[in-house]
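J.: below: sequence and its predicted model.
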Amino acid sequence: MNVASWFVTDSAAIAAQGDAPPRRARTAPTRAQLDAWRAFLRAHASVMRTLEAELLAEQDLPLASYDVLVQLAEAPGRRLRMTELADAVLLSRSGVTRLVDRLEKAGLVARCPVETDGRGVAARLTDAGLDRLRTASRTHLRGVGQHFVDRLDDTDLHVLEQITRRLADHP
């Protein structure tokens, strides 16, 4: 089988899908599709870079640290297993371990045993961490409004949410 035939969807496979929504043939992206991809990447990078810069300048807090504090604040008992935390903030286990080390030294997070697993370790948001999050959230939420929400209308936001959920839910 040559490479080109692997990318083209077989009609028998389409028939086997039954009521499943039709999928596009696997071909190289068109110029317009690549332009959309690159615009998506540029927009994401630009907004994230701006939010990071504002958090660092106003709160001396990196965006990744802010994200860890948010995830812990929203978790039951303000704690998550380290593996769950890594998944939630999209970091490797070693990356989240190093980040939690820094947050622990700052008194914002504490490590604690997982009650149901003698070997498990969780990260817990401290009261100081919650206070720090409350202060930093003013800067972050203002930035999200200014650099994201205010640039889109309600219809754009709804469509973007649907699109990005579909992308995030498909491995």
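T.: Noted; the coordinates are in hand. The shown structure was predicted, so the numbers you read here are calculated from the model rather than taken from an experiment.

J.: state which helix of the protein is the longest.
T.: Taking DSSP state H as the assignment, the helix of the chain that covers the most residues is helix 31-59.

J.: any idea which helix or strand comes after it?
T.: Scanning forward in sequence from helix 31-59 by DSSP states H and E, the next helix or strand is helix 63-74.

J.: distance from the chain centre to that following helix, please.
T.: 11 Å (C-alpha atoms, centre = their mean, to the nearest Å).

J.: please name every helix or strand in contact with it.
T.: Contacts defined by 3 or more C-beta pairs under 8 Å, 6 or more residues apart in numbering; DSSP states H and E place helix 63-74 against helix 31-59, strand 79-81, helix 82-89, helix 93-105, strand 109-114, strand 117-125, helix 127-147. Backbone N, C-alpha and C define where each C-beta goes, glycine included.

J.: which strands or helices does the first one pack on?
T.: It stands for helix 31-59. helix 63-74, helix 127-147.

J.: quick one: it to helix 63-74, angle?
T.: Here the directions of helix 31-59 and helix 63-74 differ by 80 degrees (axes from the mean of the first three to the mean of the last three C-alpha atoms, to 10 degrees).

J.: list the buried residues for helix 31-59?
T.: Of all the residues in helix 31-59, those buried under the rule 16 or more other C-beta atoms under 10 Å are 51-52, 54-55, 59.

J.: what is the orientation angle of that helix with helix 127-147?
T.: Angle of helix 31-59 versus helix 127-147, following the same axes, to 10 degrees, is 130 degrees.

J.: please apply the same query to the fourth one.
T.: Here helix 93-105 points in a direction 120 degrees away from that of helix 127-147 (the same axes, to 10 degrees).

J.: only C-alpha atoms, please: export helix 93-105 in CSV.
T.: Taking C-alpha atoms only, helix 93-105 is exported to CSV below (Å, rounded to 0.1, in the frame of the first residue of the first chain):
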residue,chain,number,x,y,z
ARG,A,93,5.1,14.2,36.8
SER,A,94,8.6,15.4,37.2
GLY,A,95,7.7,18.9,36.1
VAL,A,96,4.8,19.2,38.6
THR,A,97,7.1,17.7,41.3
ARG,A,98,9.6,20.5,40.7
LEU,A,99,6.9,23.2,40.6
VAL,A,100,5.3,21.9,43.8
ASP,A,101,8.8,21.9,45.4
ARG,A,102,9.0,25.7,44.7
LEU,A,103,5.4,26.3,45.9
GLU,A,104,6.1,24.3,49.0
LYS,A,105,9.2,26.3,49.8
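
J.: that older thread, looking at the buried residues of helix 31-59, which is nearest V159?
T.: Relative to V159, the closest of the buried residues of helix 31-59 is L51; by C-beta to C-beta it sits at 21.8 Å.
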